[in-house]
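In: quick one: sequence plus predicted model below, questions after.
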Amino acid sequence: MTNLPRYELRIGGEWVPPVSNTYLPCDNPFTRENWCEIARGGPEDVDRAVTSARAARKAWSGTPAAERGRMLVHFADLIEANAARLAEIEVRDNGKLYAEMSGQVRNVAAWYRYFAGIADKVEGAVIPSPISGKLTYTRYEPLGVVGLITPWNSPLLLLANKLAPALAAGNTAVIKPSEFTSAATLEFVALMDEAGFPAGTANVVTGLGLEAGKPLVDHPDVAKIAFTGSEMGGQHIYEGAARGIKLVSLELGGKSPNIVFDDADLEAAAMGAVTGIFSAAGQSCTAGSRLLLHRSIHDEFVKRLIDVASQARLGDPMDAATHIGPIATEPQFAKILSYIEVARSEGATCVLGGEPYTDGACAKGRFIAPTIFTNVHNNMRIAREEVFGPVLSVIPFDTEEEALAIANDTPYGLAAAVWTADLGRALRMSEQIEAGKVWINSYRYGNYAMPFGGYKRSGIGREGGVDAIYEYLHVKTVSIDTGSPRANPFVMPGAAPPKNL
């Protein structure tokens, strides 16, 4: 019998035990000790959750849009009031810095306020008709029940990317969080019931991907799946959704180029390179894991980079003095270390880090020191595959054209950055880089008003900004006959009449 806190499923506004009556342990990455258990949901639990969401559809979609907006604002207030508690739970689950997660949760509240403001501003249009006596207009309608599948690196923020526009549009939801980081999502959705949402507006089924995630993707009453996670996971979801002819939004992997020209502010660029790859221990889909340096500044810049990165303090993520926390999961920890060995075997030179970090308070946790490889070519696995950890590949270039070619020579296209004092070059590069987000002289900045998503294998659809709400709406065309005279009933109205009539 365990004494660990136990989380049940959250269905219909209530805590519900799983049909399996089994639970999964969740560990703290800093100590590697289990701190809670989550319900191991299965297909029957998913069906219960979808049924609950379907039952709530009429009440929620029938709520006037302005009222939905007011409720989302009230919910945002509750998020802020509980931000410290939610952030601490996220830190226990995934090991990210409390300094970042507490700010991130407050930013989550801003997402709900933003989409609260958009809820009553979704407008159709009257379409001019070439035939007299016809009135044609469009209207937007919610999709119905949407399935939201979220990863372990930023659970509440990446849920907000999906849930905020989905709710504003009038949909109900079933959420399947990562089995590694479910606790904060469960506590978060419980706040929705406190905010007064109709019971079942959002439901949470926790558990393993094949046991809870796949049944959600396959469920016939789910209209859309929105997923953030690995490229392979996204491919499986896309294939499953295709069988059901479902809509999808996929925010997947990245191998983002961070490009520094010789006219850049090198001090600012070095700090930006560190932010791009070592913040969040590199566990970010937009991580600037490929650093492209103009050859004339390569050696000087690498020295600057080593100087900054080597000062990083690894330790307790709850400590405000810590710069880099632990790796969130055991499988990810092993994966990162394996890629470091792959890089060495390919001939890359490790100039910093390259091994687990076990000093002092880090002895029990999953820590990897900031790692930098030089002598990297863009055809190496370390430059082509997503590591998702604090591992940087440095690649030199000689010309703007070569930098652009290297940047785009990747199956991914999520993000990129360009560091230069030349405005013309900055604009040229931003137009030609194949990525959904391009920063100029900065890295990793984003907010709720900025559309975000990938090119190529980095995904489908956009999250954030006005564009996002339309990812959760059907557009319907309505055409009204206002009493025009009857024409030939055998010919479609508006079609050219046959020559023999």
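Out: Everything's here; your move.
In: for the stretch 151-300 of the chain, just list every one of the strands.
Out: 172-176, 202-204, 224-228, 247-251, 257-260, 290-294 (DSSP state E, counting those that start in this stretch).
In: and the stretch 301-450 of the chain, by the same measure?
Out: Under DSSP E, counting those that start in this stretch, the stretch 301-450 of the chain gives strands at 349-352, 371-374, 391-397, 412-413, 415-419, 437-440.
In: now tabulate the strands of the stretch 151-300 of the chain in CSV and tack on distance to Thr150 and mean pLDDT.
Out: Just so you know, the C-beta spots here come from the backbone N, C-alpha and C atoms, and that holds for glycine as well. As requested, those are exported to CSV (distance: least, CB to CB, whole Å; pLDDT from 0 to 100):
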stretch, distance to Thr150, mean pLDDT
strand 172-176, 7, 98
strand 202-204, 10, 98
strand 224-228, 6, 98
strand 247-251, 10, 98
strand 257-260, 26, 98
strand 290-294, 26, 98
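In: okay, the ones you listed in TSV with mean neighbour count next?
Out: Shown next, in TSV, are the strands of the stretch 151-300 of the chain (neighbours: other CB atoms under 10 Å):
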stretch	mean neighbour count
strand 172-176	29
strand 202-204	30
strand 224-228	27
strand 247-251	23
strand 257-260	28
strand 290-294	27
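In: now render those strands as JSON lines, adding distance to Glu434.
Out: Listed next are those as JSON lines, based on distance: least, CB to CB, whole Å:
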{"stretch": "strand 172-176", "distance to Glu434": "31"}
{"stretch": "strand 202-204", "distance to Glu434": "35"}
{"stretch": "strand 224-228", "distance to Glu434": "20"}
{"stretch": "strand 247-251", "distance to Glu434": "16"}
{"stretch": "strand 257-260", "distance to Glu434": "10"}
{"stretch": "strand 290-294", "distance to Glu434": "14"}
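In: point out the most buried one among the strands of the stretch 301-450 of the chain.
Out: strand 415-419 (a mean of 29; mean count of other CB atoms under 10 Å).
In: which elements pack onto it?
Out: strand 257-260, helix 266-278, helix 423-432, strand 437-440 (3 or more CB pairs under 8 Å, 6 or more residues apart in numbering; DSSP states H and E).
In: contacting residues around Gly464?
Out: Asn161, Gly446, Asn447, Tyr448, Ala449, Met450, Pro451, Phe452 (CB atoms under 8 Å, 6 or more residues apart in numbering).
In: skipping adjacent residues, who's closest to the first one in space?
Out: This points to Asn161. Distances taken as CB to CB, 6 or more residues apart in numbering place Glu463 nearest to Asn161, at 4.0 Å, with adjacent residues excluded.
In: quickly list what the one you found is bridged to.
Out: Phe452 (DSSP bridges).
In: distance of it relative to Arg428?
Out: Going from Glu463 to Arg428 by CB to CB, to the nearest Å gives 27 Å.
In: more crowded one of those two?
Out: Between Glu463 and Arg428, counted using other CB atoms under 10 Å, the more crowded position is Glu463 (25 against 15).
In: the more buried one contacts Gly454, correct?
Out: No - counting by CB atoms under 8 Å, Glu463 does not reach Gly454; the two are 10.4 Å apart.
In: between these two, which contacts overlap?
Out: Glu251.
In: contacts for the longest helix out of those in the chain next, please.
Out: Longest helix in the chain, counting residues (DSSP state H): helix 98-118. Contact with helix 98-118 is made by 68-73, 75-77, 79-80, 83-84, 86-88, 90-91, 154, 156-157, 160-161, 164-165, 167-168, 279-280, 317-318, 320, 322, 447-449, 466, 468-469, as judged by CB under 8 Å, 6+ apart.
In: looking at this, Ser479 is in a strand?
Out: Yes - assignment of Ser479 by DSSP: H, G, I helix; E, B strand; the rest coil places it within a strand.
In: how many neighbours does it have?
Out: Count around Ser479 with other CB under 10 Å applied: 12.
In: please name the nearest non-neighbouring residue to it.
Out: Per CB to CB, 6+ apart, closest to Ser479 is Thr136, 4.5 Å.
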